[in-house]
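Engineer: fold the stuff below for me.
(4 chains)
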2 protein chains.
Amino acid sequence: MIETPPESALVAFGLERLYDALRRLAPRMGLSLTAHSTLKRLSQLGPQRLSELHAAESVTQPAMTQLVTRLEKDGFAVRGGDPADRRAVLVSITEAGSALVEQRRVAYAEALDTVLAGLSEADRAAIIAALPAMERLVDAVAAHATT
Amino acid sequence: MIETPPESALVAFGLERLYDALRRLAPRMGLSLTAHSTLKRLSQLGPQRLSELHAAESVTQPAMTQLVTRLEKDGFAVRGGDPADRRAVLVSITEAGSALVEQRRVAYAEALDTVLAGLSEADRAAIIAALPAMERLVDAVAAHATT
DNA sequence: GATACATGTATAAGCCAGTGATATAAATCT
DNA sequence: AGATTTATATCACTGGCTTATACATGTATC
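Structural biologist: Got it, this is the predicted structure:
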(Lines give C-alpha, C1' and ligand atoms only; values in the text may rest on other atoms or scores of the structure.)
Protein backbone atom coordinates (compact mmCIF):
# COMPACT_ATOMS: atom_id res chain seq x y z
CA MET A 1 0.00 0.00 0.00
CA ILE A 2 1.52 3.22 -1.22
CA GLU A 3 1.61 6.13 1.15
CA THR A 4 -0.93 8.26 -0.67
CA PRO A 5 -0.39 12.00 -0.16
CA PRO A 6 -1.02 12.28 3.57
CA GLU A 7 -0.67 16.02 3.49
CA SER A 8 -4.31 16.94 3.44
CA ALA A 9 -5.17 14.32 6.03
CA LEU A 10 -2.50 15.74 8.31
CA VAL A 11 -3.63 19.27 7.71
CA ALA A 12 -7.26 18.28 8.26
CA PHE A 13 -6.40 16.55 11.52
CA GLY A 14 -4.30 19.45 12.71
CA LEU A 15 -6.80 22.11 11.77
CA GLU A 16 -9.67 20.21 13.31
CA ARG A 17 -7.85 19.96 16.60
CA LEU A 18 -6.94 23.61 16.32
CA TYR A 19 -10.57 24.42 15.72
CA ASP A 20 -11.67 22.62 18.86
CA ALA A 21 -8.97 24.35 20.86
CA LEU A 22 -9.90 27.78 19.57
CA ARG A 23 -13.52 27.06 20.34
CA ARG A 24 -12.63 26.59 23.98
CA LEU A 25 -10.46 29.67 24.01
CA ALA A 26 -13.00 32.10 22.59
CA PRO A 27 -14.78 34.25 25.17
CA ARG A 28 -18.53 33.61 25.16
CA MET A 29 -19.91 36.79 26.72
CA GLY A 30 -23.43 35.50 26.50
CA LEU A 31 -23.68 35.61 22.73
CA SER A 32 -23.97 32.74 20.29
CA LEU A 33 -21.36 31.98 17.65
CA THR A 34 -23.65 33.33 14.97
CA ALA A 35 -24.37 36.48 16.94
CA HIS A 36 -20.65 37.19 17.32
CA SER A 37 -19.94 36.44 13.71
CA THR A 38 -22.78 38.65 12.57
CA LEU A 39 -21.66 41.54 14.72
CA LYS A 40 -18.12 41.20 13.45
CA ARG A 41 -19.41 41.26 9.91
CA LEU A 42 -21.47 44.37 10.57
CA SER A 43 -18.52 45.96 12.26
CA GLN A 44 -16.20 45.27 9.36
CA LEU A 45 -18.44 45.73 6.35
CA GLY A 46 -20.97 48.26 7.59
CA PRO A 47 -24.78 48.02 7.34
CA GLN A 48 -26.08 44.96 5.58
CA ARG A 49 -29.41 43.68 4.48
CA LEU A 50 -31.00 41.02 6.57
CA SER A 51 -30.96 38.71 3.58
CA GLU A 52 -27.24 39.29 3.02
CA LEU A 53 -26.61 38.40 6.63
CA HIS A 54 -28.65 35.24 6.56
CA ALA A 55 -26.85 34.01 3.46
CA ALA A 56 -23.42 34.98 4.75
CA GLU A 57 -23.93 33.31 8.10
CA SER A 58 -25.47 30.17 6.67
CA VAL A 59 -28.61 30.29 8.76
CA THR A 60 -32.19 30.47 7.61
CA GLN A 61 -33.85 33.80 7.08
CA PRO A 62 -36.20 33.46 10.07
CA ALA A 63 -33.22 32.68 12.26
CA MET A 64 -31.57 35.90 11.14
CA THR A 65 -34.76 37.86 11.68
CA GLN A 66 -34.86 36.60 15.24
CA LEU A 67 -31.17 37.11 15.80
CA VAL A 68 -31.43 40.72 14.64
CA THR A 69 -34.43 41.15 16.93
CA ARG A 70 -32.38 39.91 19.87
CA LEU A 71 -29.39 42.04 18.93
CA GLU A 72 -31.70 45.03 18.63
CA LYS A 73 -33.28 44.33 22.01
CA ASP A 74 -29.83 44.11 23.56
CA GLY A 75 -28.80 47.36 21.92
CA PHE A 76 -26.05 45.91 19.75
CA ALA A 77 -27.71 46.52 16.39
CA VAL A 78 -30.54 48.54 14.87
CA ARG A 79 -32.90 48.03 11.98
CA GLY A 80 -33.13 50.75 9.40
CA GLY A 81 -35.16 50.96 6.25
CA ASP A 82 -33.54 50.98 2.85
CA PRO A 83 -34.82 54.08 1.04
CA ALA A 84 -34.03 52.43 -2.28
CA ASP A 85 -36.08 49.32 -1.57
CA ARG A 86 -38.76 49.66 1.03
CA ARG A 87 -39.09 45.91 1.50
CA ALA A 88 -35.54 45.63 2.70
CA VAL A 89 -34.13 46.08 6.18
CA LEU A 90 -30.66 47.47 6.64
CA VAL A 91 -29.07 46.22 9.82
CA SER A 92 -26.41 48.40 11.42
CA ILE A 93 -24.19 47.88 14.42
CA THR A 94 -24.49 50.33 17.32
CA GLU A 95 -21.81 51.90 19.47
CA ALA A 96 -22.48 49.28 22.12
CA GLY A 97 -22.20 46.57 19.49
CA SER A 98 -18.86 47.85 18.25
CA ALA A 99 -17.65 48.11 21.80
CA LEU A 100 -18.62 44.51 22.44
CA VAL A 101 -16.82 43.29 19.33
CA GLU A 102 -13.71 45.22 20.32
CA GLN A 103 -13.90 44.01 23.90
CA ARG A 104 -14.17 40.43 22.80
CA ARG A 105 -11.36 40.83 20.31
CA VAL A 106 -9.10 42.10 23.06
CA ALA A 107 -10.10 39.33 25.46
CA TYR A 108 -9.46 36.76 22.78
CA ALA A 109 -6.09 38.21 21.90
CA GLU A 110 -5.12 38.24 25.55
CA ALA A 111 -6.14 34.64 26.09
CA LEU A 112 -4.24 33.64 23.00
CA ASP A 113 -1.30 35.71 24.12
CA THR A 114 -1.09 33.80 27.36
CA VAL A 115 -1.05 30.56 25.46
CA LEU A 116 1.44 31.76 22.87
CA ALA A 117 3.75 32.87 25.62
CA GLY A 118 4.08 29.24 26.61
CA LEU A 119 5.39 28.23 23.21
CA SER A 120 8.93 28.31 21.99
CA GLU A 121 10.13 31.19 19.89
CA ALA A 122 10.48 28.82 16.96
CA ASP A 123 6.88 27.66 17.25
CA ARG A 124 5.60 31.21 17.42
CA ALA A 125 7.68 32.06 14.38
CA ALA A 126 6.30 29.09 12.47
CA ILE A 127 2.74 30.09 13.23
CA ILE A 128 3.35 33.70 12.31
CA ALA A 129 5.05 32.61 9.11
CA ALA A 130 1.99 30.57 8.18
CA LEU A 131 -0.46 33.41 8.76
CA PRO A 132 -0.46 34.80 5.22
CA ALA A 133 -1.00 31.31 3.86
CA MET A 134 -3.85 30.74 6.30
CA GLU A 135 -5.29 34.06 5.24
CA ARG A 136 -5.46 32.80 1.70
CA LEU A 137 -6.85 29.52 2.97
CA VAL A 138 -9.65 31.48 4.60
CA ASP A 139 -10.33 33.31 1.36
CA ALA A 140 -10.37 30.03 -0.52
CA VAL A 141 -12.87 28.58 1.95
CA ALA A 142 -15.07 31.62 1.56
CA ALA A 143 -14.91 31.32 -2.21
CA HIS A 144 -15.60 27.60 -1.97
CA ALA A 145 -18.66 28.22 0.18
CA THR A 146 -20.34 30.48 -2.34
CA THR A 147 -19.74 27.98 -5.12
CA MET B 1 1.51 55.68 20.61
CA ILE B 2 4.13 52.94 20.38
CA GLU B 3 3.46 49.94 18.22
CA THR B 4 3.11 47.41 21.02
CA PRO B 5 3.98 43.85 19.99
CA PRO B 6 1.45 43.28 17.24
CA GLU B 7 2.29 39.60 16.94
CA SER B 8 -0.42 38.25 19.16
CA ALA B 9 -2.98 40.61 17.71
CA LEU B 10 -2.11 39.42 14.24
CA VAL B 11 -2.20 35.81 15.28
CA ALA B 12 -5.50 36.33 17.07
CA PHE B 13 -7.02 38.00 14.06
CA GLY B 14 -5.75 35.35 11.72
CA LEU B 15 -6.79 32.43 13.87
CA GLU B 16 -10.20 33.90 14.50
CA ARG B 17 -10.85 34.22 10.80
CA LEU B 18 -9.49 30.73 10.31
CA TYR B 19 -11.86 29.49 12.99
CA ASP B 20 -14.88 31.00 11.26
CA ALA B 21 -13.78 29.54 7.95
CA LEU B 22 -13.29 26.07 9.39
CA ARG B 23 -16.67 26.30 11.06
CA ARG B 24 -18.28 26.72 7.67
CA LEU B 25 -16.23 23.94 6.18
CA ALA B 26 -17.02 21.29 8.77
CA PRO B 27 -19.76 18.85 7.79
CA ARG B 28 -22.70 18.98 10.18
CA MET B 29 -24.34 15.58 9.69
CA GLY B 30 -27.06 16.41 12.15
CA LEU B 31 -24.87 16.42 15.23
CA SER B 32 -23.94 19.32 17.46
CA LEU B 33 -20.37 20.51 17.91
CA THR B 34 -20.27 18.97 21.36
CA ALA B 35 -21.66 15.70 20.09
CA HIS B 36 -18.96 15.47 17.45
CA SER B 37 -16.24 16.41 19.84
CA THR B 38 -17.43 13.88 22.39
CA LEU B 39 -17.58 11.09 19.85
CA LYS B 40 -14.10 11.94 18.64
CA ARG B 41 -12.87 11.81 22.20
CA LEU B 42 -14.48 8.44 22.82
CA SER B 43 -13.07 7.19 19.56
CA GLN B 44 -9.54 8.28 20.40
CA LEU B 45 -9.34 7.62 24.12
CA GLY B 46 -11.76 4.74 24.59
CA PRO B 47 -14.54 4.50 27.20
CA GLN B 48 -14.80 7.42 29.54
CA ARG B 49 -16.82 8.31 32.56
CA LEU B 50 -19.68 10.67 32.07
CA SER B 51 -18.04 13.04 34.50
CA GLU B 52 -14.78 12.96 32.55
CA LEU B 53 -16.66 13.82 29.41
CA HIS B 54 -18.57 16.69 30.94
CA ALA B 55 -15.38 18.23 32.26
CA ALA B 56 -13.46 17.68 29.05
CA GLU B 57 -16.17 19.17 26.87
CA SER B 58 -16.82 22.13 29.13
CA VAL B 59 -20.52 21.52 29.50
CA THR B 60 -22.52 20.92 32.65
CA GLN B 61 -23.00 17.41 33.89
CA PRO B 62 -26.74 17.33 33.10
CA ALA B 63 -25.96 18.47 29.56
CA MET B 64 -23.60 15.53 29.17
CA THR B 65 -26.16 13.15 30.64
CA GLN B 66 -28.63 14.30 28.02
CA LEU B 67 -26.09 14.22 25.21
CA VAL B 68 -25.14 10.66 26.08
CA THR B 69 -28.83 9.77 26.18
CA ARG B 70 -29.26 11.18 22.69
CA LEU B 71 -26.12 9.47 21.40
CA GLU B 72 -27.36 6.23 22.91
CA LYS B 73 -30.77 6.62 21.32
CA ASP B 74 -29.12 7.22 17.96
CA GLY B 75 -26.92 4.20 18.42
CA PHE B 76 -23.60 6.03 18.47
CA ALA B 77 -22.70 5.32 22.09
CA VAL B 78 -23.65 3.02 24.93
CA ARG B 79 -23.72 3.31 28.69
CA GLY B 80 -21.97 0.66 30.70
CA GLY B 81 -21.50 0.31 34.42
CA ASP B 82 -18.13 0.63 36.04
CA PRO B 83 -17.59 -2.51 38.13
CA ALA B 84 -15.09 -0.66 40.28
CA ASP B 85 -17.48 2.15 41.18
CA ARG B 86 -21.14 1.38 40.89
CA ARG B 87 -22.09 5.05 40.88
CA ALA B 88 -20.17 5.68 37.71
CA VAL B 89 -21.25 5.27 34.09
CA LEU B 90 -18.71 4.30 31.47
CA VAL B 91 -19.63 5.65 28.07
CA SER B 92 -18.33 3.79 25.03
CA ILE B 93 -18.56 4.48 21.34
CA THR B 94 -20.33 1.93 19.13
CA GLU B 95 -19.41 0.66 15.68
CA ALA B 96 -21.92 3.07 14.19
CA GLY B 97 -20.38 5.88 16.21
CA SER B 98 -16.88 5.09 15.03
CA ALA B 99 -18.15 4.87 11.47
CA LEU B 100 -19.72 8.29 11.80
CA VAL B 101 -16.55 9.82 13.15
CA GLU B 102 -14.54 8.30 10.35
CA GLN B 103 -17.05 9.34 7.74
CA ARG B 104 -17.00 12.88 8.93
CA ARG B 105 -13.24 12.94 9.11
CA VAL B 106 -13.04 11.86 5.50
CA ALA B 107 -15.64 14.39 4.38
CA TYR B 108 -13.78 17.12 6.20
CA ALA B 109 -10.45 16.12 4.73
CA GLU B 110 -11.95 16.07 1.27
CA ALA B 111 -13.51 19.50 1.64
CA LEU B 112 -10.24 20.84 2.94
CA ASP B 113 -8.40 19.11 0.17
CA THR B 114 -10.44 20.91 -2.44
CA VAL B 115 -9.63 24.19 -0.80
CA LEU B 116 -5.95 23.41 -0.34
CA ALA B 117 -5.69 22.51 -4.00
CA GLY B 118 -6.47 26.13 -4.80
CA LEU B 119 -3.48 27.40 -2.85
CA SER B 120 0.05 27.80 -4.07
CA GLU B 121 2.62 25.16 -3.27
CA ALA B 122 4.39 27.68 -1.06
CA ASP B 123 1.26 28.36 0.95
CA ARG B 124 0.59 24.67 1.46
CA ALA B 125 4.17 24.22 2.57
CA ALA B 126 3.90 27.08 5.03
CA ILE B 127 0.77 25.61 6.58
CA ILE B 128 2.26 22.15 6.78
CA ALA B 129 5.39 23.58 8.32
CA ALA B 130 3.33 25.25 11.00
CA LEU B 131 1.40 22.10 11.93
CA PRO B 132 3.72 20.89 14.68
CA ALA B 133 3.69 24.34 16.21
CA MET B 134 -0.10 24.42 16.04
CA GLU B 135 -0.15 21.01 17.64
CA ARG B 136 1.72 22.42 20.57
CA LEU B 137 -0.56 25.45 20.56
CA VAL B 138 -3.50 23.09 20.92
CA ASP B 139 -1.82 21.33 23.82
CA ALA B 140 -1.11 24.66 25.45
CA VAL B 141 -4.74 25.69 25.09
CA ALA B 142 -5.85 22.42 26.65
CA ALA B 143 -3.45 22.93 29.54
CA HIS B 144 -4.60 26.51 29.90
CA ALA B 145 -8.23 25.43 30.07
CA THR B 146 -7.72 23.10 33.00
CA THR B 147 -5.91 25.80 34.93
C1' DG C 1 -20.63 0.35 62.09
C1' DA C 2 -23.64 4.54 62.23
C1' DT C 3 -23.52 9.16 61.01
C1' DA C 4 -21.97 12.68 58.03
C1' DC C 5 -20.12 14.24 53.98
C1' DA C 6 -18.54 13.77 49.15
C1' DT C 7 -19.07 12.08 44.54
C1' DG C 8 -21.56 10.42 40.23
C1' DT C 9 -25.57 10.49 37.65
C1' DA C 10 -30.36 11.57 36.67
C1' DT C 11 -34.57 14.42 36.51
C1' DA C 12 -37.29 18.73 36.11
C1' DA C 13 -38.29 23.28 34.48
C1' DG C 14 -37.02 26.89 31.65
C1' DC C 15 -34.47 29.58 28.08
C1' DC C 16 -32.08 30.39 23.81
C1' DA C 17 -31.35 29.57 19.08
C1' DG C 18 -32.30 27.08 15.35
C1' DT C 19 -35.80 24.84 11.72
C1' DG C 20 -39.84 24.53 8.09
C1' DA C 21 -44.18 26.36 6.69
C1' DT C 22 -46.60 30.23 5.82
C1' DA C 23 -48.14 35.18 5.74
C1' DT C 24 -47.59 39.98 4.33
C1' DA C 25 -45.75 43.83 1.85
C1' DA C 26 -43.13 45.87 -1.71
C1' DA C 27 -40.94 45.58 -6.23
C1' DT C 28 -40.88 43.79 -10.99
C1' DC C 29 -42.56 42.04 -15.18
C1' DT C 30 -45.90 41.34 -18.84
C1' DA D 1 -53.81 45.95 -13.68
C1' DG D 2 -52.61 41.26 -12.52
C1' DA D 3 -49.12 37.76 -11.72
C1' DT D 4 -44.78 36.66 -10.01
C1' DT D 5 -40.72 37.35 -7.47
C1' DT D 6 -38.23 39.20 -3.55
C1' DA D 7 -37.59 40.69 1.40
C1' DT D 8 -38.97 40.20 5.87
C1' DA D 9 -41.90 38.61 9.65
C1' DT D 10 -44.69 35.27 12.39
C1' DC D 11 -45.91 30.66 14.10
C1' DA D 12 -45.27 26.17 15.92
C1' DC D 13 -41.84 23.11 16.95
C1' DT D 14 -37.26 20.92 18.27
C1' DG D 15 -32.54 20.57 20.13
C1' DG D 16 -29.31 21.61 23.33
C1' DC D 17 -28.01 24.14 26.89
C1' DT D 18 -28.66 26.09 31.85
C1' DT D 19 -29.71 25.92 37.18
C1' DA D 20 -31.69 23.59 40.95
C1' DT D 21 -32.53 19.45 42.97
C1' DA D 22 -32.99 14.46 43.94
C1' DC D 23 -31.09 10.04 44.56
C1' DA D 24 -27.67 6.42 45.00
C1' DT D 25 -23.16 4.94 45.98
C1' DG D 26 -18.66 5.60 48.06
C1' DT D 27 -15.54 7.41 51.87
C1' DA D 28 -14.23 9.10 56.31
C1' DT D 29 -14.73 9.86 61.17
C1' DC D 30 -16.00 8.93 65.59
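Engineer: quick one: the strands in chain A?
Structural biologist: A:48-49, A:77-82, A:85-93 (DSSP state E).
Engineer: please identify the deepest-packed of those strands.
Structural biologist: Mean neighbour count, computed with mean count of other Cβ atoms under 10 Å in any protein chain shown, is highest for strand A:48-49 among the strands of chain A, reaching a mean of 18. No exception for glycine: its C-beta is placed from N, CA and C like everyone else's.
Engineer: that strand near DNA strand D at all?
Structural biologist: Yes: judged by Cβ under 7 Å from any atom of the strand, strand A:48-49 comes into contact with DNA strand D at residue A:49.
Engineer: need the strands of chain A in a markdown table with distance to DNA strand C and mean pLDDT, can you?
Structural biologist: Shown next, in a markdown table, are the strands of chain A (distance: least, Cβ to the nearest atom of the strand, whole Å; pLDDT from 0 to 100):
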| stretch | distance to DNA strand C | mean pLDDT |
| --- | --- | --- |
| strand A:48-49 | 13 | 94 |
| strand A:77-82 | 8 | 93 |
| strand A:85-93 | 3 | 94 |
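Engineer: for those, which one sits closest to residue A:127?
Structural biologist: Ranking those by proximity to residue A:127 (Cβ to Cβ) places strand A:85-93 first, at 30.2 Å.
Engineer: same for the closest one, what does it pack against?
Structural biologist: Strand A:85-93 sits against helix A:33-45, strand A:48-49, helix A:50-56, helix A:61-73, strand A:77-82, with contacts defined as 3 or more Cβ pairs under 8 Å, 6 or more residues apart in numbering or on different chains; DSSP states H and E.
Engineer: any idea which residue sits dead centre in chain A?
Structural biologist: Geometric centre of chain A, nearest residue: residue A:37, 4.2 Å, by Cα atoms, centre = their mean.
Engineer: that residue touches residue B:20, doesn't it?
Structural biologist: Yes: using Cβ atoms under 8 Å, residue A:37 is in contact with residue B:20, at 6.0 Å.
Engineer: can I get the strands of chain A in JSON lines including distance to residue A:58?
Structural biologist: Below are the strands of chain A laid out as JSON lines (distance: least, Cβ to Cβ, whole Å):
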{"stretch": "strand A:48-49", "distance to residue A:58": "15"}
{"stretch": "strand A:77-82", "distance to residue A:58": "19"}
{"stretch": "strand A:85-93", "distance to residue A:58": "17"}
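Engineer: which residues of chain A lie near DNA strand C?
Structural biologist: A:31-35, A:59-60, A:62-63, A:66-67, A:70, A:85-87.
Engineer: which one of those residues has the most neighbours?
Structural biologist: If you count neighbours using other Cβ atoms under 10 Å in any protein chain shown, the busiest of these is residue A:67, which has 23 neighbours.
Engineer: tell me the contacts of that residue?
Structural biologist: A:32, A:34-35, A:38, A:59 (Cβ atoms under 8 Å, 6 or more residues apart in numbering or on different chains).
Engineer: of those residues, which is the nearest to residue B:141?
Structural biologist: For the contacts of residue A:67, the nearest to residue B:141 is residue A:32 (21.2 Å; Cβ to Cβ).
Engineer: perfect, I'm done here.
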